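Enquirer: Sequence first, predicted model second:
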Amino acid sequence: MAAKGRFEGGHNYREQALKLYPWICARCAREFAGKQLRMLTVHHKDHNHDNNPPHGSNWELLCIYCHDNEHQRYLEADAHGDLQRDEPAAGTYNPFAGLADLLKER
């Protein structure tokens, strides 16, 4: 069983997520750097904080405001049934989209 804040390799999942993903909120697309980086949080897509694969497939970086909103929506949906999504879709930026093609060119 993984300890909270750690993934299989024993490292901090926030540190790993910040290495894997660009420092941009996946919801509002706000960019972060320097001292503001502390406002960027790791959200577990499946809401299971023990699910921390080292490749980060269960994580997305969200600013503290979008992260709070995501959890509030989750709590409301749990309490009142499924809520309709009346907000724009999440960011679709994929930092590794062209990586396979670049590696094939070598």
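Expert: Structure's in. What do you need?
Enquirer: Show the model's pLDDT score for the most centrally placed residue in the chain.
Expert: The centroid of the chain falls nearest to residue 60 when counting by Cα atoms, centre = their mean (1.0 Å). The score at residue 60 is 94. That number is its pLDDT.
Enquirer: same deal with residue 24?
Expert: Listed pLDDT for residue 24 reads 96.
Enquirer: So which bits of stretch 58-66 are buried?
Expert: 58-63, 66 (16 or more other Cβ atoms under 10 Å). Just so you know, the C-beta spots here come from the backbone N, C-alpha and C atoms, and that holds for glycine as well.
Enquirer: Same check on stretch 97-106?
Expert: Of all the residues in stretch 97-106, not one is buried under the rule 16+ other Cβ under 10 Å.
Enquirer: sorry, back to before: is it possible to export the buried residues of stretch 58-66 to a markdown table including distance to residue 102?
Expert: Listed next are the buried residues of stretch 58-66 as a markdown table, based on distance: Cβ to Cβ, whole Å:
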| residue | distance to residue 102 |
| --- | --- |
| 58 | 26 |
| 59 | 23 |
| 60 | 23 |
| 61 | 23 |
| 62 | 28 |
| 63 | 30 |
| 66 | 30 |
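Enquirer: Identify those among these that sit within strands.
Expert: The strands, defined by DSSP state E, take in 59-63 from these.
Enquirer: Would you mind giving those as JSON lines with distance to residue 33 added?
Expert: Output for those, formatted as JSON lines (distance: Cβ to Cβ, whole Å):
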{"residue": "59", "distance to residue 33": "19"}
{"residue": "60", "distance to residue 33": "18"}
{"residue": "61", "distance to residue 33": "13"}
{"residue": "62", "distance to residue 33": "16"}
{"residue": "63", "distance to residue 33": "13"}
